[in-house]
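Visitor: Got a sequence here, can you model it:
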Amino acid sequence: MASGAEPTQKARSLLLAALRDPGGLPARSAKEWELLVRLARSVRLLGRLEADLARMGLLGVIPRPAADHLTAARRVIEHRNRLVAWEIDRILWALKGCEVPLILLKGSAYLLAGLPPARGRIFADVDLLVPETGIGEIESRLTGRGWFQLKLDPYDDRYYRLLMHEVPPLRHRERGTEIDIHHRILPRSSRLPSEPAPLFAAARPLGEGRLHILAPIDMVLHSLVHLFLEGDPQEGLRLRDLLDTHDLLCHFGAVPGFWEDLLPRARLLGLERPLYYGLCFARRFFATPVPPEVVRAVEAVAPPQPLGGLMDYLFGFALLPDHPDHPSRRAAVARWLIYVRAHWFRMPTATLASHLAYKASLRLRGVRKRVDLTRLDLRQQ
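Guide: Model prediction:
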């Protein structure tokens, strides 16, 4: 474990330096570029490096093999962006005449609104936020026009619909693209408040069409919710989501009133803690220019010690990749603990225990069997 600590630290420093100051990349050696390409690909930020270097006119002065990898990443991203844009066009076609409000979230919103986080980023699917009362109509229209619901057992379907912030995803029969339909940004059972009405009230129209995007502050807060209240035991927390937040803060920070309204809005939505973590790590990793008075105000909602120190330690490990040849056991433990934390936030203890016990029983049996929903009534947990 100790033998891999130094290479991992150097690898993380290399990646962060590349993202903070792409102008310094031409000075990197071929060996450093080989490692950087592997690191950036592992966190899906290879396209971001290409976009930054292309904008600065520096692609031609880096090692040719590295430039080839970056160019290939750009071509994949361009292809995916065309697919996402076409999918949104087809969704609007399928929902023609439907009066349910539609808010694009995350990557598709960045892409169609032309926001900085779309630069060099690859997006896998389309995320929509719609009022819960309109879910049935939207699902019915989409499934009647080429999309289908991924097959789930009755328990999982009920889990989605009673506890989560979205319904089971829909996939197109021919294109294979997916739509995630959300009715709030946090699970219904979350320990944090997740009432979606303020988000709909503040949403902004996207051009002249029916689509909307979240208000600037809400877009930042949703990015932080997606980052700090989720987790993957393998990937950890997504560094690219923190970079999205950095881009949004730099972009919207020039709008009058943005910084003054940021913490009050987070307080209204019950998201002060994700905001604290987001500003803390954005400043640490990307030197995000946050006004000093905002830093002082947000520090007032920091977690108490020793919890604050523990979360700082865990997030530091979970956000950054290991050296590809020197995996860190401490980082693996940190990612697993963050994953457990995400589940703890998702639902009350009794519901979580019941859910995990059911999933564990499936793994022990080695098969997925139908479940007696009268005995596992999620609504009563």
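Visitor: the helices in the stretch 151-300 of the chain, which residues?
Guide: In the stretch 151-300 of the chain, the helices defined using DSSP state H, counting those that start in this stretch lie at 154-163, 197-202, 216-228, 239-252, 258-269, 272-286, 292-299.
Visitor: Can you tell me which helices and strands the last one packs against?
Guide: If I follow you right, that is helix 292-299. Using 3 or more CB pairs under 8 Å, 6 or more residues apart in numbering; DSSP states H and E, the elements in contact with helix 292-299 are helix 258-269, helix 272-286. The way it works is simple: take the backbone N, C-alpha and C, and place the C-beta from them, glycine included.
Visitor: now these in TSV, with distance to Pro306 and mean pLDDT?
Guide: Listed next are those as TSV, based on distance: least, CB to CB, whole Å; pLDDT from 0 to 100:
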stretch	distance to Pro306	mean pLDDT
helix 258-269	24	97
helix 272-286	16	96
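Visitor: which one of those is the most hemmed in?
Guide: Comparing those by mean neighbour count (mean count of other CB atoms under 10 Å), helix 272-286 comes out on top with a mean of 21.
Visitor: Might you calculate how far that helix sits from the centre of the chain?
Guide: 15 Å (CA atoms, centre = their mean, to the nearest Å).
Visitor: what do you get for stretch 356-366?
Guide: Using CA atoms, centre = their mean, the offset of stretch 356-366 from its chain centre is 28 Å.
Visitor: Please save the CA atoms from the lowest-mean-pLDDT helix or strand in the chain in CSV.
Guide: Ranked by mean pLDDT, DSSP states H and E, the weakest helix or strand in the chain is helix 349-365, scoring a mean of 78. Output in CSV follows, covering the C-alpha atoms of helix 349-365 (Å, rounded to 0.1, in the frame of the first residue of the first chain):
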residue,chain,number,x,y,z
THR,A,349,-32.8,3.0,8.2
ALA,A,350,-35.7,0.5,8.4
THR,A,351,-36.4,0.8,4.6
LEU,A,352,-32.7,0.5,3.8
ALA,A,353,-32.3,-2.6,6.0
SER,A,354,-35.3,-4.2,4.3
HIS,A,355,-34.0,-3.4,0.8
LEU,A,356,-30.5,-4.6,1.4
ALA,A,357,-31.7,-7.8,3.1
TYR,A,358,-33.8,-8.6,0.1
LYS,A,359,-31.0,-7.9,-2.4
ALA,A,360,-28.6,-10.0,-0.3
SER,A,361,-31.1,-12.9,-0.3
LEU,A,362,-31.1,-12.7,-4.1
ARG,A,363,-27.3,-12.9,-4.3
LEU,A,364,-27.2,-15.8,-1.9
ARG,A,365,-29.8,-17.7,-3.9
